[in-house]
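>>> Any chance you could fold what I've pasted below:
(chains A and B)
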Amino acid sequence: MLHSIVKASIVAALIAVAAALWAQEQQLQIIPGGQNPPPVGFKDDLPPGAMRGKATTCCLECHEARIILQQRLNKAAWTKEVDKMIKWGAVVEASDRDALIDYLSTNFSPDQPPYEPLRTTSDKASGKNGGKKNPK
Amino acid sequence: MDSRRNFLKQMSGAALAVGATPSLLAWAHAAQSGSIDLPGEDGLIVRSLRFVDLETPVEYLNTWLTPVPHFFVRNHMHEPSELNAEDWRLTVGGEVEKPITLTLAELSKLESHSLVNTLECAGNGRSLHRPQVPGIQWGKGAVSTARFSGPRLRDVLQRANMKLTGKHVSFRGLDDIPGKVPPFIRSVPIEKALDADTLVATHMNGAPLSKHHGFPARALVPGWIGAASCKWLTEIKVLESEFVGNFMNPAYRFPNQPGKPGEAVKPEDTHPLTALNVKSVISGPLDGTSLRSGRVAVRGAAWAGEADIVKVEVSTDGGANGTAAGLGHDHAHYAWRLWSYEWRAKSGAYTIRSRAIDSQGRTQPATPVWNPSGYLYNAADQVTIHVA
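Numbers count the residues shown, from 1 in each chain, chains lettered A, B, ... in the order given. Next up is the predicted model:
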């Protein structure tokens, strides 16, 4: 009897947690108020390709994808960057170096449209600070 | 909406308790709402979160002092993971008779000096160079102005009895270094280090420095590129010669002679960046906007590093004819001048340009001076608008 009560309590607790997480998901879709939707074509991760996995492990260990996503460089410039990063500790197998440079210079070449950055949440838009005045 | 926000805050707390990281939560928000919650940073353009690089939108460059939540953030690496006022120490060594270690309380006992300084990242405007160059792709807003306060660096150096052999002073920050990246150490010549306006700043706009801005103390080298003003300062060394390291060479150097855009520059034909150049930015109207005909206030900010702004010319015909803008009353030696120009706009399409002139007779070029790292972009600013 006691066991079944404990079991029921555990099940009830799990349902409550699941419901809360589901509710959080629902809430996340509609808040925060006054914020713009992400720009069309917004990206926050590396693009598909054979070297995506390697780029994720060797580059994103130290910095996020956004730092790569915003660059628009030709192959010579990407080669310099990759070699600099290898010197600074990025673990890139010698056999992967050329393919990694190709992946970066194909996806982030000067002819690609500019990267669209997001903004931090605005106090004014969310009403948190009521549009803080300039300090004197 | 408030109840939803409170609910989310509670849920965020719950998620943190089970090990989710703040950055993951920020991502969750970003994916859904198009903005990223970062406490204390209000409406800034996110160039990077890991490590933190945030740009001030040009429309915020319209107050003489930039509120800290609007002040751009430039980090070269990760912020120090552990910082507290009690454990923090500042050492002064190298070419000194008596190496010293100061606590924050000891530093705070030294006479405090305040000055208003425009801080600009050397790479501000990098994204506007053609051909494009690598680095954080700043637009026009890696620049802000604040009142900085703290002891003079020369008073700190004096306590350690600097030797006559000291010719340069290096700063080391507590940046959390990823991989084998060289530490963030840069030096300034002794003349600038001993200048009465060079500070070990502990306050910004009257409040203790926030973590993003170098808590508990940073160097403040007024009028110079932002990288000179090392954050999370922990070590000062007096040196016989300029510091040798990545952030002095090859980084933060400028060609002795401007070359053709895209052309390589030999390292021996470069020099370290020091003071900022002359520049203006239009904070309104914004590029690409449509306005009604009538009175339009064209406004912005102009700065010149160690020099003073003497004039800002505004042109509404793409630069052919310019009129002097009115300069704001607030001014200080190293601070920008706000400027404004009231224009009676008739319907049509316009390119508005601003061009600043400083006390050294320098002005902004029509086209930027290209260099391999995209430093010191200072072409005359322009926006294109439509008047209905």
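>>> which element follows the helix or strand bottoming out on mean pLDDT in chain A toward the C-terminus?
Lowest by mean pLDDT, DSSP states H and E among the helices and strands of chain A is helix A:2-30, with a mean of 44. The C-terminal neighbour of helix A:2-30 among helices and strands, as given by DSSP states H and E, is helix A:52-59.
>>> Now look at the very next helix or strand once past that next one and say if it contacts chain B.
As assigned by DSSP H and E, the chain's next helix or strand after helix A:52-59 is helix A:65-69. Yes - Helix A:65-69 comes into contact with chain B (CB under 8 Å from any CB of the partner chain), by way of A:66-67. (Each C-beta comes from the backbone N, C-alpha and C, glycine too.)
>>> Now the following helix or strand past helix A:65-69: buried residues?
Counting by DSSP H and E, the next helix or strand C-terminal to helix A:65-69 is helix A:75-87. Neighbour counts over helix A:75-87 (16 or more other CB atoms under 10 Å in any protein chain shown) mark A:77-79, A:81-82, A:85-86 as buried.
>>> Show me what the following helix or strand past helix A:75-87 is packed up against.
Next helix or strand after helix A:75-87 toward the C-terminus (DSSP H and E): helix A:97-107. Here helix A:97-107 touches helix A:52-59, helix A:75-87, going by 3 or more CB pairs under 8 Å, 6 or more residues apart in numbering or on different chains; DSSP states H and E.
>>> Which residues does helix A:97-107 contact?
A:46-47, A:49-52, A:54-55, A:58, A:68, A:71, A:73-75, A:78-79, A:81-82, A:86, A:92 (CB atoms under 8 Å, 6 or more residues apart in numbering or on different chains).
>>> So which of the buried residues of helix A:75-87 reach chain B?
On the criterion CB under 8 Å from any CB, A:77, A:81 are the entries of the buried residues of helix A:75-87 that sit beside chain B.
>>> Which residues of the stretch 201-350 of chain B lie near chain A?
By CB under 8 Å from any CB, the residues of the stretch 201-350 of chain B that approach chain A are B:205-206.
>>> who's in contact with the residue of the stretch 201-350 of chain B found nearest chain A?
With CB to the nearest CB, the shortest gap between the stretch 201-350 of chain B and chain A falls at B:N205, namely 4.8 Å. Contact partners of B:N205, counting by CB under 8 Å, 6+ apart, are A:135, B:65, B:67-68, B:146-147.
>>> how about stretch B:181-194: buried residues?
By 16+ other CB under 10 Å, the buried positions in stretch B:181-194 come out as B:181, B:184-188, B:190, B:192-194.
>>> Okay, and which of those map to helices?
Among the buried residues of stretch B:181-194, the members falling in helices (DSSP state H) are B:190, B:192-193.
>>> Make TSV from those residues and add distance to A:Y115 and pLDDT to it.
As requested, those are exported to TSV (distance: CB to CB, whole Å; pLDDT from 0 to 100):
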residue	distance to A:Y115	pLDDT
B:I190	42	98
B:K192	36	98
B:A193	39	98
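>>> now, among those residues, which is nearest to chain A?
When those are ranked by distance to chain A (CB to the nearest CB), B:K192 comes first, at 27.7 Å.
>>> my read: the closest one touches B:T198, true?
Yes - using CB atoms under 8 Å, B:K192 is in contact with B:T198, at 6.1 Å.
>>> Which stretches in the stretch 1-150 of chain B count as strands?
B:35-36, B:45-48, B:53-55, B:73-74, B:89-94, B:100-103, B:112-120, B:143-151 (DSSP state E, counting those that start in this stretch).
>>> possible to save these as TSV with distance to B:D317 and mean pLDDT?
Shown next, in TSV, are those (distance: least, CB to CB, whole Å; pLDDT from 0 to 100):
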stretch	distance to B:D317	mean pLDDT
strand B:35-36	37	92
strand B:45-48	30	97
strand B:53-55	29	98
strand B:73-74	35	98
strand B:89-94	54	98
strand B:100-103	57	98
strand B:112-120	29	98
strand B:143-151	27	98
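>>> Kindly reformat those strands as JSON lines and extend each row with mean neighbour count and distance to chain A.
Formatted as JSON lines, those follow (neighbours: other CB atoms under 10 Å in any protein chain shown; distance: least, CB to the nearest CB, whole Å):
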{"stretch": "strand B:35-36", "mean neighbour count": "24", "distance to chain A": "4"}
{"stretch": "strand B:45-48", "mean neighbour count": "21", "distance to chain A": "5"}
{"stretch": "strand B:53-55", "mean neighbour count": "27", "distance to chain A": "7"}
{"stretch": "strand B:73-74", "mean neighbour count": "26", "distance to chain A": "10"}
{"stretch": "strand B:89-94", "mean neighbour count": "17", "distance to chain A": "26"}
{"stretch": "strand B:100-103", "mean neighbour count": "16", "distance to chain A": "28"}
{"stretch": "strand B:112-120", "mean neighbour count": "22", "distance to chain A": "11"}
{"stretch": "strand B:143-151", "mean neighbour count": "24", "distance to chain A": "8"}
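>>> wait, what's in contact with residue 51?
No chain in the question, so chain A it is. With CB under 8 Å, 6+ apart, A:M51 has these contacts: A:96, A:99-100, A:102-103.
>>> Let me rephrase: I mean chain B.
Neighbour list for B:F51: A:63, B:75-79 [criterion: CB under 8 Å, 6+ apart].
>>> Then B:K237?
B:K237 makes contact with B:92-94, B:169-170, B:172, B:243, according to CB under 8 Å, 6+ apart.
>>> can you do 10 Å?
Contacts for B:K237 (CB atoms under 10 Å, 6 or more residues apart in numbering or on different chains) come out as B:91-96, B:99, B:166, B:168-172, B:185, B:187, B:243.
>>> Tell me how far it lies from B:L119.
23 Å (CB to CB, to the nearest Å).
>>> In space, what's closest to B:K346 - neighbours in sequence excluded?
Nearest non-adjacent residue to B:K346, counting by CB to CB, 6 or more residues apart in numbering or on different chains: B:S293, 5.4 Å away.
>>> next one: B:P69
B:D42 (3.7 Å).
>>> May I have the residues that are in contact with the residue most central in space within chain B?
Residue closest to the average C-alpha location in chain B (CA atoms, centre = their mean): B:E120, at 3.1 Å. By CB under 10 Å, 6+ apart, the residues touching B:E120 are B:72, B:74, B:138, B:141-145, B:223-226, B:276-277, B:279, B:303, B:305, B:336, B:376, B:378.
>>> and these, which are buried?
Those of those that meet the buried threshold are B:72, B:74, B:138, B:141-145, B:223-226, B:276-277, B:279, B:303, B:305, B:336, B:376, B:378, by 16+ other CB under 10 Å.
>>> Any stretches of chain A with poor pLDDT?
For chain A, the stretches flagged by pLDDT under 70 are A:1-42, A:124-136.
>>> How about it: which residue is closest to chain B?
Nearest residue of chain A to chain B: A:G89, at 2.6 Å (CB to the nearest CB).
>>> Tell me if I'm right that that residue and A:C62 touch.
Yes - assessed by CB atoms under 10 Å, A:G89 is found in contact with A:C62 at 7.3 Å.
>>> Could you name every residue contacting both of these two?
Common neighbours of A:G89 and A:C62 (CB under 10 Å, 6+ apart) are B:177-181.
>>> With pLDDT and distance to A:Y115 as new columns, can the residues you listed be given to me in a markdown table?
Formatted as a markdown table, the shared contacts of A:G89 and A:C62 follow (pLDDT from 0 to 100; distance: CB to CB, whole Å):
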| residue | pLDDT | distance to A:Y115 |
| --- | --- | --- |
| B:I177 | 95 | 26 |
| B:P178 | 93 | 22 |
| B:G179 | 91 | 24 |
| B:K180 | 94 | 27 |
| B:V181 | 95 | 23 |
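>>> Kindly indicate which of the residues you listed lies nearest chain A.
Comparing those against chain A with CB to the nearest CB picks out B:G179 as the nearest, at 2.6 Å.
>>> To what extent is the closest one buried, counted in neighbours?
Per other CB atoms under 10 Å in any protein chain shown, the neighbour tally for B:G179 reads 15.
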